[in-house]
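Undergrad: Predicted model follows, preceded by the sequence.
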Amino acid sequence: MLWQIRSFPKCRYHLFLSHSQEDRDGLVRPLAERLTASGISPWLDEADYNYGRSSWESLQDAVLASRHVVFFVTDAMLQSARGWCVLELAYAEILDANLQGRGGRLAHAFLPLFLVEQGDPRLPRTVWQAVRDRGHFMPRGSTASTQVWCEQEIQNFLRREQQKCNEVNESCRVDDLLVGEIDRPPGLLVRVTRFQPRRIR
């Protein structure tokens, strides 16, 4: 059965970090520590996974409790074309579809970060091909480390989304019809007009 979002809880995390297990030690865990140190709250499965429920329900809850989902599209992720990351992308796309208003997009749910070559022949055979225009590829020959590049991309994305949140909030102050439309699923109005769990620097 298709996951249906009937209400939006308060976001407890800025980011859900979707990654291959092979990338956890060398990239994702150290990056999560860097993000936390800069005031950004990441959800990382090894620390925040909700045990005692089915994996599907736990992932749905985690995606919904996170303001955004970041995907680390790496060599390891492309080697395992199926798996949890594909399911997490499906949940993120459902969330993204619910962040629409009559004036357009109220927020962007996810950011794919591609740590493979743009011309990688495996990409067109994966689900990541469909979202490549929604993310960024790490430039060839970049002098920044992968962690530093990912952190900068994430911080820039969050700043843009925080500004988008401010704009939606301003629109809602002068447009009662927009407020009525956004307020239909409980919690959506708060999600798109307040940058939860907290504003970033």
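TA: Here it is on my side, so go on. All figures in this text were calculated on a predicted structure; none of them were measured in a lab.
Undergrad: what stretches of this structure score poorly on pLDDT?
TA: Within the chain, the stretches with pLDDT under 70 are 1-2, 46-53, 81.
Undergrad: one more time with 90
TA: For the chain, the stretches with pLDDT under 90 are 1-6, 44-61, 79-84, 100-104, 140-144, 177-178, 180-185, 201.
Undergrad: what secondary structure does the most centrally placed residue in it sit in?
TA: Most central in the chain under C-alpha atoms, centre = their mean is residue 69, positioned 1.5 Å from the mean C-alpha point. Classification of residue 69 using DSSP: H, G, I helix; E, B strand; the rest coil returns strand.
Undergrad: That one and residue 14 touch, don't they?
TA: No. Look at residue 69 against residue 14 with C-beta atoms under 8 Å: they stay out of range, at 10.6 Å. For the C-beta atoms, the positions are set from N, CA and C on the backbone; glycine is no exception.
Undergrad: Quick one: distance of the strand or helix carrying residue 189 to the chain centre.
TA: Secondary structure assignment for residue 189, by DSSP states H and E: helix 188-193. Centroid separation for helix 188-193 versus its chain: 16 Å, with C-alpha atoms, centre = their mean, to the nearest Å.
Undergrad: which residues are in contact with it?
TA: For helix 188-193, contacts defined as C-beta atoms under 8 Å, 6 or more residues apart in numbering pick out 8, 10-11, 67, 98-99, 101, 106-107, 165, 168-169, 172, 179, 182-183, 196.
Undergrad: let's see it at 7 Å
TA: Residues outside helix 188-193 that contact it (C-beta atoms under 7 Å, 6 or more residues apart in numbering): 8, 11, 99, 106, 107, 165, 168, 169, 172, 179, 182, 183.
Undergrad: can you tell me how far the closest residue to the first one other than its chain neighbours sits from residue 100?
TA: Read that as residue 8. Counting by C-beta to C-beta, 6 or more residues apart in numbering, residue 187 is the residue found nearest to residue 8 once chain neighbours are left out, at 3.3 Å. Per C-beta to C-beta, to the nearest Å, residue 187 is found 16 Å from residue 100.
Undergrad: What of residue 159?
TA: 22 Å.
Undergrad: Repeat that for residue 175.
TA: As judged by C-beta to C-beta, residue 175 and residue 100 stand 15 Å apart.
Undergrad: again with residue 177
TA: According to C-beta to C-beta, residue 177 stands 15 Å off from residue 100.
Undergrad: Looking only at neighbour counts, state which of these two leads.
TA: Comparing residue 177 with residue 100 by other C-beta atoms under 10 Å, the one with more neighbours is residue 100, at 13 against 8.
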